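Okay, predicted coordinates and the sequence, questions at the end:
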Amino acid sequence: MKLGLNLGYWQRHADDATEVVQTAERLGYDSVWTAEAYGSDAFTPLAWYGARTRRIKLGTSVAQLSARTPVATAMTAMTLDHLTGGRLLLGVGASGPQVVEGWYGQPFPRPLARTREYVEIMRKVWRREEPVTNEGPHYPLPLPGGLGKPLKLITHPLRPDIPVYIGAEGPKNVAMAAEIAQGWLPLFTFPSKISELYGEFPEGFDVAAMVMVAITDDVRSALDGVKMMLSLYIGGMGAKSRNFHADIVGRMGYAEAASRIQALYLAGRRQEAFDAIPDELADGISLVGPPGRIKERLQLWRDSPVTNLLVMGPRDERSLTTVRDLVLG
């Protein structure tokens, strides 16, 4: 199992994690990942960290499709991959209608077909086999009826096959990721239920699961931290009629709880929404407690299809070292 560090996106204040990334690289972490929602973008921090490191891989988890056209993302990825000596892992995802329509002002039609088309165009750009055209309904190239003509990327990519990862939660989207991408970035992972929910994955496919980690003797407090995050995502990160995070929690076997959590959260009863989250759910998707407890629970992840553990939470050298020893030791 590989080990990565997921920094997420900035919260209220700017977060330069250069020292954390350099420590992770020195300790042997395989990758570091950044994210975007409606604050900091995913690529700029990676360029910053890439200029200050030499080996650690640099991943986006995830770059939102609606934030950039396919060729804009392809150019950004190609540029960053060149500047960092071929270290980019490009994670992309459709996000959800709340962000796509509310933040980017874009429609949210057929996310699976749109993702497939997006990835196909990026690969055409990187391969440089011919001027890029696309007849798909979501990203037609050139624009029909206009004065544009097909173009070819000027710069030769360092790698014409930059690894693509897809952030996906629904079974059809995950199946598509296994078909067209090098990896899958699940947000909430109940390791013992992955095979039941999604079936088998191709050999060499990277299941890079994000997991909240807290090394502490206070298990109760650590679980409450996980529950705080879950209450936000299940309750508030999505529309009432379409919340992919609530859906995945439902498929894990907590549909009744997810419905209640969302209803309470949207009604402004956030403490009750927090209280409605089962401890079993919070514990199942995280690794919290003293090192011995985490070591024991890590076996569930080793026995699952997960091939890459992207830890969220540890920032100081002692915690990063403990996690490294537990996962890679």
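Arrived safely.

which helices and strands sit right next to the lowest-mean-pLDDT helix or strand in the chain?
Ranking every helix and strand in the chain by mean pLDDT, DSSP states H and E puts helix 244-249 at the bottom, with a mean of 86. Helix 244-249 makes packing contacts with helix 219-236, helix 255-266 when contacts are defined by 3 or more C-beta pairs under 8 Å, 6 or more residues apart in numbering; DSSP states H and E. (Each C-beta comes from the backbone N, C-alpha and C, glycine too.)

Which stretches in the chain count as strands?
Using DSSP state E, the strands of the chain run over 2-8, 31-34, 57-60, 63-64, 88-93, 164-166, 183-184, 206-215, 286-289, 308-312.

How about P278, nearest residue that isn't a chain neighbour?
Leaving aside its sequence neighbours, P278 sits nearest to A257 (C-beta to C-beta, 6 or more residues apart in numbering; 5.8 Å).

before we move on, back to that, now the least confident helix or strand of the chain: buried residues?
For helix 244-249, a neighbour-count test (16 or more other C-beta atoms under 10 Å) marks 244-249 as buried.

so who does the residue nearest the centre of the chain touch?
In the chain, the residue lying closest to the centroid (C-alpha atoms, centre = their mean) is S61, at 3.3 Å. For S61, the contact set (C-beta atoms under 8 Å, 6 or more residues apart in numbering) comprises 6, 33-35, 42, 91, 165, 167, 185, 208, 210, 310.

Greatest separation within these: which pair is it?
Using C-beta to C-beta, these span at most 14.7 Å, a distance reached by A42 and A208.

who's more crowded, these two?
Comparing A42 with A208 by other C-beta atoms under 10 Å, the one with more neighbours is A208, at 27 against 24.

quick revisit: among the contacts of S61, who's most crowded?
L185 (30 neighbours).

How about that residue: what's its closest non-neighbour residue?
G167 (4.4 Å).

possible to save the strands of the chain as JSON lines with distance to L46?
As requested, the strands of the chain are exported to JSON lines (distance: least, C-beta to C-beta, whole Å):
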{"stretch": "strand 2-8", "distance to L46": "10"}
{"stretch": "strand 31-34", "distance to L46": "6"}
{"stretch": "strand 57-60", "distance to L46": "4"}
{"stretch": "strand 63-64", "distance to L46": "10"}
{"stretch": "strand 88-93", "distance to L46": "8"}
{"stretch": "strand 164-166", "distance to L46": "14"}
{"stretch": "strand 183-184", "distance to L46": "16"}
{"stretch": "strand 206-215", "distance to L46": "15"}
{"stretch": "strand 286-289", "distance to L46": "25"}
{"stretch": "strand 308-312", "distance to L46": "14"}
